[in-house]
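**Q** Just the structure for this:
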Amino acid sequence: MMLLEVVAGTLWVWWLLGERPTPLAFAGGALVLGSLLAKGLYERRLERRLRARGAAQQGSC
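**A** Here you go, the predicted structure:
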C-alpha cells in the first residue's frame, strides 16, 4: 500500500504542479521499482521452496 502512495503522490505533483522530471529521475525510479520487483520475486521463490521442503518432510515421517 505504501508503494501505491509514493507513485500516486508523484503523479499528483506532475499533474497539479506541472513539474517535469529529469531523465536521471526516471532512471532512479526505474532502479527502485526494479529492485522492489526483484526482491518480491526472490521472496516468492524462497517461500515456495520452503513450502515444498516442509511438505516433503511431512510426507516422509
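
**Q** now the helices: where do they sit in the chain?
**A** Per DSSP state H, the chain has helices spanning 2-17, 23-60. These are given in chain order.

**Q** Comparing the ones you listed, which yields the minimum mean pLDDT?
**A** Among the helices of the chain, helix 2-17 carries the lowest mean pLDDT, at a mean of 79.

**Q** quick check: angle from that one to helix 23-60?
**A** Angle of helix 2-17 versus helix 23-60, following axes from the mean of the first three to the mean of the last three Cα atoms, to 10 degrees, is 160 degrees.

**Q** So what touches helix 2-17?
**A** The contact list for helix 2-17 (Cβ atoms under 8 Å, 6 or more residues apart in numbering) reads 19, 20, 21, 29, 36. To be clear about C-beta, it is placed using only N, CA and C from the backbone, and glycine gets the same treatment.

**Q** Just the pLDDT at the first one, thanks.
**A** Just to be clear, that refers to residue 19. 82.

**Q** and it, what does it touch?
**A** By Cβ under 8 Å, 6+ apart, the neighbours of residue 19 are residue 13.

**Q** For it, what are phi and psi?
**A** Torsion angles at residue 19 (phi, psi; degrees, to the nearest 10) stand at phi -70, psi 140.

**Q** sorry, back to before: is it possible to get the helices of the chain out as TSV so that each row also shows mean neighbour count?
**A** Formatted as TSV, the helices of the chain follow (neighbours: other Cβ atoms under 10 Å):
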stretch	mean neighbour count
helix 2-17	10
helix 23-60	10
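
**Q** thinking again about what came up before, state the pair within the contacts of helix 2-17 that is farthest apart.
**A** 20 and 36 (24.1 Å; Cβ to Cβ).

**Q** distance of the residue nearest the centre of the chain from residue 17?
**A** Among the residues of the chain, the one closest to the centroid is residue 36, at 3.0 Å (Cα atoms, centre = their mean). Remark: distance between residue 36 and residue 17 (Cβ to Cβ, to the nearest Å) = 25 Å.

**Q** No further questions, thank you.
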